[in-house]
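A.B. asks: my questions are about this predicted structure, shown below with the sequence.
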Amino acid sequence: MAIDLHVEDSGGSGRPVVLIHGWPMSAKMWAPQTGPLTEAGLRVIAYDRRGFGRSEKPADGYDYDTLAADLDGLLTDLDLTDVTLVGFSMGGGEVARYIANHGEDRLRSVVFAAAVPPYLLQTEDNPEGPLTPEAAEEFSRGLEEDREAFFDGFTRNFFSARGELQVTEQQRQDAIAMCHESDQTAALGCAHAFATTDFRDDLKKVHVPTLVLHGYSDGIVPLSGSGQRTHEMVTSELTVIAGAPHGLNLSHSEQFNHALLEFLAR
């Protein structure tokens, strides 16, 4: 593999499920899922994206073509087939770009969980994009100017619905610690990538069974501008969890796991 990625692999002979984390977290964010998925007999593989968590932190490579190539390298090195890819938030972009660039031969199904596709940035030809250029610029500027303050505010929004925190303060602090494991160059590069990458053509190439899983009260990647549109573009199932924020895999883990396991059982 060209890049040294930290990979957690439950092993075993079960069908493989590869979990792709959100920004700016790491594979640690999947703790509420790894146990239940493993107990269901699945081989659970989670990895830290380049530049994040315990993976190598190179100076470049934070575009989706490179990130999808990293994913392809992982699947190839582990010789995985009949795989379900679960992409959370920016990880959903890796799922879409992986399929566009590397095909579906290794895949059984995919899950877009609170995911950024089809295209976050609001442009003339993408008026439904939920992220204005001004908001994207402010997002990156905040990260550049004061990481500590930025991550404090970001995690509040990440886990809040209708202005109320949906996790414990300790869980939020754990998430902040995870954020600080990210490399600054990686964090800024990936923020630019998920804000500005257009996945609309990529989604046209998704033909495997697909689940779109989203929180109704997601304030980071709004349902109407992302999950709902992906569902309309791809033949898929849509599961919306009422009252759930962006970080729904933790805040609403029981409902999230139920929807995921039900999909994986097919």
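C.D. replies: Structure received.

A.B. asks: residue 64 contacts residue 93, doesn't it?
C.D. replies: Yes - between residue 64 and residue 93 there is a contact at 5.5 Å, judged by CB atoms under 8 Å. Any C-beta I mention is one placed from the backbone N, CA and C, and that applies to glycine too.

A.B. asks: and for those two, which residues touch both?
C.D. replies: Listed contacts common to residue 64 and residue 93 are 193, 197; contacts here mean CB atoms under 8 Å, 6 or more residues apart in numbering.

A.B. asks: so the two - more neighbours on which side?
C.D. replies: Neighbours were tallied for residue 64 and for residue 93 using other CB atoms under 10 Å; the higher tally belongs to residue 93 (28 against 22).

A.B. asks: pLDDT wise, what is that one at?
C.D. replies: Residue 93 is assigned 98 on the pLDDT scale.

A.B. asks: same question for residue 192.
C.D. replies: pLDDT for residue 192: 98.

A.B. asks: one more: residue 1?
C.D. replies: pLDDT, residue 1: 50.

A.B. asks: go on, residue 15?
C.D. replies: If you check residue 15, the pLDDT there is 98.

A.B. asks: how close does it sit to residue 236?
C.D. replies: According to CB to CB, to the nearest Å, residue 15 and residue 236 sit 20 Å apart.

A.B. asks: then residue 64?
C.D. replies: From residue 64 to residue 236 the distance is 20 Å (CB to CB).

A.B. asks: tell me the contacts of the residue nearest to the spatial centre of the chain?
C.D. replies: What sits nearest the mean C-alpha location of the chain, by CA atoms, centre = their mean, is residue 88, with 2.2 Å. When contacts are counted by CB under 8 Å, 6+ apart, residue 88 touches 19-22, 29, 113-115, 249.

A.B. asks: quick check: the gap between it and residue 48.
C.D. replies: For residue 88, the distance to residue 48 - CB to CB - is 13 Å.

A.B. asks: what do these two both touch?
C.D. replies: With CB under 8 Å, 6+ apart as the test, residue 88 and residue 48 both reach residue 21.

A.B. asks: find the nearest non-adjacent residue to residue 142, please.
C.D. replies: Leaving aside its chain neighbours, residue 142 sits nearest to residue 150 (4.6 Å; criterion: CB to CB, 6 or more residues apart in numbering).

A.B. asks: ditto for residue 81
C.D. replies: Residue 81's closest residue in space is residue 106 (CB to CB, 6+ apart), at 5.2 Å.

A.B. asks: for the stretch 101-250 of the chain, which segments are assigned as helices?
C.D. replies: Here the stretch 101-250 of the chain has its helices, by DSSP state H, counting those that start in this stretch, at 133-145, 147-158, 169-179, 184-196, 200-203, 227-233, 248-251.

A.B. asks: so which of the ones you listed comes closest to residue 121?
C.D. replies: helix 184-196 (5.3 Å; CB to CB).

A.B. asks: packing partners for that closest one?
C.D. replies: When contacts are defined as 3 or more CB pairs under 8 Å, 6 or more residues apart in numbering; DSSP states H and E, helix 184-196 packs onto helix 64-77, helix 90-102, helix 133-145.

A.B. asks: just name the most buried of those.
C.D. replies: helix 90-102 (a mean of 25; mean count of other CB atoms under 10 Å).

A.B. asks: who are the contact partners of the residue lying closest to residue 172 once chain neighbours are set aside?
C.D. replies: Nearest residue to residue 172 in three dimensions, chain neighbours excluded: residue 155, at 5.1 Å (CB to CB, 6+ apart). Neighbour list for residue 155: 172, 175-176, 179 [criterion: CB under 8 Å, 6+ apart].

A.B. asks: just the closest of those residues to residue 122, please.
C.D. replies: Checking the contacts of residue 155 against residue 122 by CB to CB gives residue 179 as the nearest, at 25.5 Å.
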